[in-house]
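S.K.: Okay, sequence plus prediction incoming.
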Amino acid sequence: MEKKEIIENVSNVAGLAVGTVAGTGLGTVIAGPVGAVGGALVGDAIEKVFKWAGGEFSKRILSKREEKRISDVMVMAKEKIESNFQEKKKLRQDDFFNEFDNRTTAEEVLEGTLLIAQKEYEERKIKYIANLYANIAFDESISREIADRLIRLSSELTYRQLIILCAVGFIQISGVPPKQDTYSEVSGLNNVSIASDIFDLYRKSLIFSSDAILNAAGINPSTLSLGGYGALLYNLMELRGISLVDKDCIDVLNFLGVLKKSMK
């Protein structure tokens, strides 16, 4: 693909992302005349960020697959932002969209998000990475530093680790009891791999345990919970949207002893 084509395609994606969000619709979802003015200002802020990203990435050489990933994240983030407004959520009113040294935090965070998406070969993660950026734009408790850490974590974690966060969150919210005792050993390559992923999340302090976990074979599913950045990722990436009936998720739920076919 010629560089000119890449530039035009990425710029068009930026235009699509801006057009729907910053155009019709924003002012109407915020009630009252003040809301109409606020909607216009919000539209300008978002439009500027996406236009900046389109211009920035139009200067970079991208493979066809990288271009698609970036396009998908921008479009999905746009759709999630629009959905947040429809749910009457309020865009951040802090300095997230304010310029400092000719850049805004919103631009920095979006650039980081797009760079992660560009190299993300597990493309099932793309939707959740887009959710992360869109929801950070509505949460003033997420500082620049926390946002940077969350973006890096979204890159480091495998899709199955996102499934594990989803499954542990599901157990916490639903109250469905998992396996109550500690594994004495774990057999089978797939189960060993799941145990290793859980242990890695525990060492990263994304999953907590009321009992110390010394190795991947010493996991008690009933002691697991989300905390810290793990809980933030669960909420901001909206991992609850992962289908619990997918085979990969069923494997994790089986390991945690949630399903009838629990492991011994």
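M.R.: In hand now; what should we look at? Numbering: from 1, shown residues only.
S.K.: Now for the nearest residue to Y202 once chain neighbours are set aside: which residues touch it?
M.R.: What sits nearest to Y202 in space, not counting adjacent residues and going by CB to CB, 6 or more residues apart in numbering, is I213, at 5.2 Å. Where you see a C-beta, it was placed from the backbone N, CA and C, and this is true even at glycine. Neighbouring residues of I213 by CB atoms under 8 Å, 6 or more residues apart in numbering: F199, Y202, I219.
S.K.: Just give me the closest of these to S83.
M.R.: Set against S83, the nearest of these by CB to CB is Y202 (32.8 Å).
S.K.: Next, the buried residues of whatever helix or strand the closest one lives in.
M.R.: For Y202, the host element (DSSP states H and E) is helix 189-203. By 16 or more other CB atoms under 10 Å, the buried positions in helix 189-203 come out as N191, S193, I194, A195, D197, I198, F199, D200, L201, Y202.
S.K.: do stretch 224-239 as well
M.R.: Result for stretch 224-239 [16+ other CB under 10 Å]: buried residues 224, 226, 229-239.
S.K.: any chance of these in TSV, with pLDDT too?
M.R.: Below are the buried residues of stretch 224-239 laid out as TSV (pLDDT from 0 to 100):
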residue	pLDDT
L224	95
L226	95
Y229	96
G230	96
A231	96
L232	97
L233	97
Y234	97
N235	96
L236	97
M237	97
E238	97
L239	97
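S.K.: now, which of the residues you listed lie within helices?
M.R.: Secondary structure defined by DSSP state H assigns Y229, G230, A231, L232, L233, Y234, N235, L236 of the buried residues of stretch 224-239 to helices.
S.K.: can you pull the contacts of the fourth one?
M.R.: If you count contacts by CB under 8 Å, 6+ apart, L232 has them with I142, I146, L150.
S.K.: All set now, cheers.
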